[in-house]
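Visitor: Sharing a model prediction with you, sequence too.
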Amino acid sequence: MKASEQQSLTREQKEAVGLLSIGTFLEYFDLMLYVHMAVLLNELFFPKTDAHTQSLIAVFAFSSSYLLRPLGALIFGYIGDRIGRKSTVVITTLMMSVSSLMMYCMPTYAQIGIVASWLVTFCRILQGMSSLGEFVGAQLYLTELIKPPKQYLAVNIITEMTGVGTLFALGIATVILKLGFDWRNAFLFGCVIALIGYVARTTLRESQDFLEAKKKAEATKLLYSDSFAQNHLDRINKKVIYSYFFIELGNPVWIYLVYIYYGIFLKQHLEYSAIDVIQHNFYLSVWGLVLGIIALILVTKIHPLQIMQIKLIIFCIFLPFFMWILEKEITILNVVMLQIFIKTFCPTASPSHSVIFAHFPILKRFTAVSMLYALSRALMYSVTSVGIVYLVEYFGVYGLLIVIVPIVIGYSYGLNTFIQLEKEAGIYHKKNLWSIAFLGKNIYQA
């Protein structure tokens, strides 16, 4: 935790950041392609029903890619903590290519009936497991390869590449649907670029921190028993486990609200077509890319945990106001304002992943982090997204607060835990609000 600071990247580190960034972009292009074409694809792969059931089907198709992520966490956690970080990112990239090829070849509901629904659900589960191992593996690799403060920037590039992949998926989906091309071509394209990513990642070297930790563990096993090495050398702080889990709980809710719930909302209340929703979400993703660029600038100036703290305060103060506006009048402007606000200030683990990961022991890090990440997604995507349908139905727009308030409370607890740990390690350098405001002014002028 008190490692010397790194002010510049070596050539090897730059190459690793480039290869992993491209791979993450490809993974999330493939993963999110279905999500943003769901308004069309759900009609092809699932039976036609009433509007309420269609909402539940959309939720199911969306959350299915997260249901078995805990199983993926066990598999890739084992590989990542025993064989290496490189192996996970290579294997998961190949898995995503296979799942995209399956989507390209998939028969529709009109052709084979309910079997099509089950096949596409299996494909989504495969994509979800793949993206989990890839994203966590890439972040951990760079966390262990690069020291702070450059580490914050490098790991956040990986995070932002998920947004670029999402944006590109929306762009491809928009072009294909606008010009009337066959939607299957998008998945064939995804298959090809994932294969390119697979080949490129085979050139990576293993993380040095992981190799050194593994060597130390092997030496400990020679002196003591294997059970001693497992139970005492790499013991995880339980408070760290709970805190990270609470921090990750909110992210699925924000993604669901911004892209899925309000996408359905626009169709049902403002007569948007499927293509209109996809185009609308494309513009939201462009804004997300702008936010990502701002985040990359900020982490070089401000401790990532302080950025999380500022976002949380703004979110808690202004969210009820934007919800009140939407309750008064349903207009496209009010919906967009709420979507942009949530996307800008929603409490997430970004941009502090590398800070949080450093508090997990190296040889248990991949399994612990990926399992907590997977459990948070599986729980919130499968339970909360369904619950939101009914909560809003009975309580109106304020029904969302029944989900949001507990998430914010847990997030606050987790954030405070990691701030205290960073302070104890002597590496939490908090800037005052005036210096942050001055930095914000410079970014705006630029």
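Guide: Received it, and whenever you're ready, just let me know what you need. Numbers count the residues shown, from 1 in each chain.
Visitor: which residues of the chain score low on pLDDT?
Guide: Within the chain, the segments meeting pLDDT under 70 span 1-7, 35-36, 38-40, 49-66, 220-234, 385, 431-446.
Visitor: ranges for the helices of the stretch 201-350 of the chain?
Guide: 208-223, 226-228, 238-248, 250-255, 262-269, 274-298, 304-328, 332-345 (DSSP state H, counting those that start in this stretch).
Visitor: Can I get those in JSON lines including distance to Ala194 and mean neighbour count?
Guide: Every residue, glycine included, has its C-beta placed from N, CA and C. Below are these laid out as JSON lines (distance: least, CB to CB, whole Å; neighbours: other CB atoms under 10 Å):
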{"stretch": "helix 208-223", "distance to Ala194": "25", "mean neighbour count": "14"}
{"stretch": "helix 226-228", "distance to Ala194": "38", "mean neighbour count": "10"}
{"stretch": "helix 238-248", "distance to Ala194": "25", "mean neighbour count": "19"}
{"stretch": "helix 250-255", "distance to Ala194": "21", "mean neighbour count": "22"}
{"stretch": "helix 262-269", "distance to Ala194": "25", "mean neighbour count": "19"}
{"stretch": "helix 274-298", "distance to Ala194": "20", "mean neighbour count": "18"}
{"stretch": "helix 304-328", "distance to Ala194": "30", "mean neighbour count": "16"}
{"stretch": "helix 332-345", "distance to Ala194": "27", "mean neighbour count": "17"}
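Visitor: need those in CSV with distance to Gly84, can you?
Guide: Below are those laid out as CSV (distance: least, CB to CB, whole Å):
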stretch, distance to Gly84
helix 208-223, 6
helix 226-228, 19
helix 238-248, 22
helix 250-255, 27
helix 262-269, 39
helix 274-298, 28
helix 304-328, 26
helix 332-345, 35
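Visitor: among those helices, which is nearest Leu375?
Guide: helix 238-248 (6.9 Å; CB to CB).
Visitor: Which one of the helices of the stretch 201-350 of the chain lies nearest to Ile356?
Guide: helix 238-248 (5.6 Å).
Visitor: Dump that closest one to CSV, restricted to CA.
Guide: Written as CSV, here are the backbone C-alpha positions of helix 238-248 (Å, rounded to 0.1, in the frame of the first residue of the first chain):
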residue,chain,number,x,y,z
LYS,A,238,-14.2,-8.9,6.3
LYS,A,239,-15.0,-5.2,6.4
VAL,A,240,-13.3,-4.8,3.0
ILE,A,241,-15.5,-7.5,1.6
TYR,A,242,-18.8,-6.0,2.9
SER,A,243,-17.7,-2.5,1.8
TYR,A,244,-16.8,-3.4,-1.8
PHE,A,245,-20.1,-5.4,-2.1
PHE,A,246,-22.2,-2.4,-1.0
ILE,A,247,-20.3,-0.1,-3.3
GLU,A,248,-21.0,-2.3,-6.3
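Visitor: same for it, what does it pack against?
Guide: Helix 238-248 sits against helix 362-379, helix 400-424, with contacts defined as 3 or more CB pairs under 8 Å, 6 or more residues apart in numbering; DSSP states H and E.
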